[in-house]
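Visitor: Could you work out the structure for the sequence below:
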Amino acid sequence: MLPTLAQLFGVSVDELLGLKDSAAKRGSMPKLQRQIEQVALLPKAKQKFVSEMLETVVQQTAH
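Guide: Residues are numbered from 1 along each chain as shown. Down below sits the predicted model:
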């Protein structure tokens, strides 16, 4: 699930998990990035729920 979220937001899985200091490279961390890191800390079932919600929204906006 994490690779899918990382690809969706254009970051590495390490960045999702906070293992790389991406904020130092790009200035302050955007709100969306902080939210993704919080999602990565959720239990797998909740991560799946969030991923499915995001996919639904993305699909709706693509049409």
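Visitor: hey, which helix or strand in the protein has the poorest pLDDT?
Guide: Among the helical and strand segments of the chain, the one scoring lowest on mean pLDDT, DSSP states H and E is helix 22-26, with a mean of 52.
Visitor: mean confidence score for the next helix or strand after that one?
Guide: Per DSSP states H and E, helix 22-26 leads on to helix 31-40 as the next helix or strand towards the C-terminus. In this model, helix 31-40 carries a mean pLDDT of 86.
Visitor: Equivalent analysis for stretch 11-21, please.
Guide: The average of the pLDDT scores along stretch 11-21 is 79.
Visitor: Excluding its own residues, what touches it? List them.
Guide: 2-3, 5-6, 9, 22, 33, 36-37, 40 (C-beta atoms under 8 Å, 6 or more residues apart in numbering). Glycine gets a C-beta too; all of them are placed from N, C-alpha and C.
Visitor: same thing but 6 Å
Guide: Outside of stretch 11-21, the residues within contact range by C-beta atoms under 6 Å, 6 or more residues apart in numbering are 2-3, 6, 22, 36-37, 40.
Visitor: Equivalent analysis for stretch 49-63, please.
Guide: Contacts to stretch 49-63, defined as C-beta under 6 Å, 6+ apart, come from residues 1, 39.
Visitor: most neighbours, which of the contacts of stretch 11-21?
Guide: The most crowded member of the contacts of stretch 11-21 is residue 36, carrying 23 neighbours; neighbours defined as other C-beta atoms under 10 Å.
Visitor: Could you find the closest non-adjacent residue to residue 16?
Guide: Leaving aside its sequence neighbours, residue 16 sits nearest to residue 40 (C-beta to C-beta, 6 or more residues apart in numbering; 4.7 Å).
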